[in-house]
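**Student:** structural data only, the sequence is not supplied:
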């Protein structure tokens, strides 16, 4: 078995990534972004990313974790 194929202490999975900059078509270059919560859905939370320079929406993301306010007791 190839040792590189096994998960180990040095091979952590990334899970969720958070964008710090994205390409803005209006500015025509990568810009820092601001994240805004749009919806809390049963599947997770929907976020939109906005350009920090011009305010244009440049992307969105659905976090499929546990939504706010829904806890298993």
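**Tutor:** Received it, and whenever you're ready, just let me know what you need. These numbers were taken from a predicted model, which means no experiment stands behind them.

**Student:** which SS state does residue 26 fall under?
**Tutor:** Secondary structure assignment for residue 26 (DSSP: H, G, I helix; E, B strand; the rest coil): coil.

**Student:** what about residue 22, how many neighbours?
**Tutor:** Residues near residue 22, counting by other C-beta atoms under 10 Å, number 14. Every C-beta, even on glycine, is put in place using the N, C-alpha and C of the backbone.

**Student:** again with residue 43
**Tutor:** Residue 43: 12 surrounding residues under other C-beta under 10 Å.

**Student:** need the pLDDT of the residue nearest to it when sequence neighbours are not counted.
**Tutor:** In space, and not counting its chain neighbours, residue 43 is closest to residue 64: 6.1 Å by C-beta to C-beta, 6 or more residues apart in numbering. For residue 64, the pLDDT comes out at 85.

**Student:** and for residue 39?
**Tutor:** pLDDT, read off for residue 39, is 94.

**Student:** surely it touches residue 60?
**Tutor:** No - with contacts counted by C-beta atoms under 8 Å, residue 39 stays clear of residue 60, the gap being 10.1 Å.

**Student:** overlap in contacts, the two.
**Tutor:** residue 46 (C-beta atoms under 8 Å, 6 or more residues apart in numbering).

**Student:** give me the element the spatially closest residue to residue 46 that is not a sequence neighbour is part of.
**Tutor:** Nearest residue to residue 46, sequence neighbours excluded (C-beta to C-beta, 6+ apart): residue 39, at 4.3 Å. For residue 39, the element it lies in under DSSP states H and E is strand 29-41.

**Student:** buried ones in that strand?
**Tutor:** Neighbour counts over strand 29-41 (16 or more other C-beta atoms under 10 Å) mark 31, 33 as buried.

**Student:** what packs against that strand?
**Tutor:** Applying 3 or more C-beta pairs under 8 Å, 6 or more residues apart in numbering; DSSP states H and E, we find strand 29-41 packed against strand 21-24, strand 44-51, strand 57-63.

**Student:** who wins for proximity to residue 35 among the ones you listed?
**Tutor:** Closest approach to residue 35 among the helices and strands packed on strand 29-41 (C-beta to C-beta): strand 44-51, 5.2 Å.

**Student:** lovely, talk soon.
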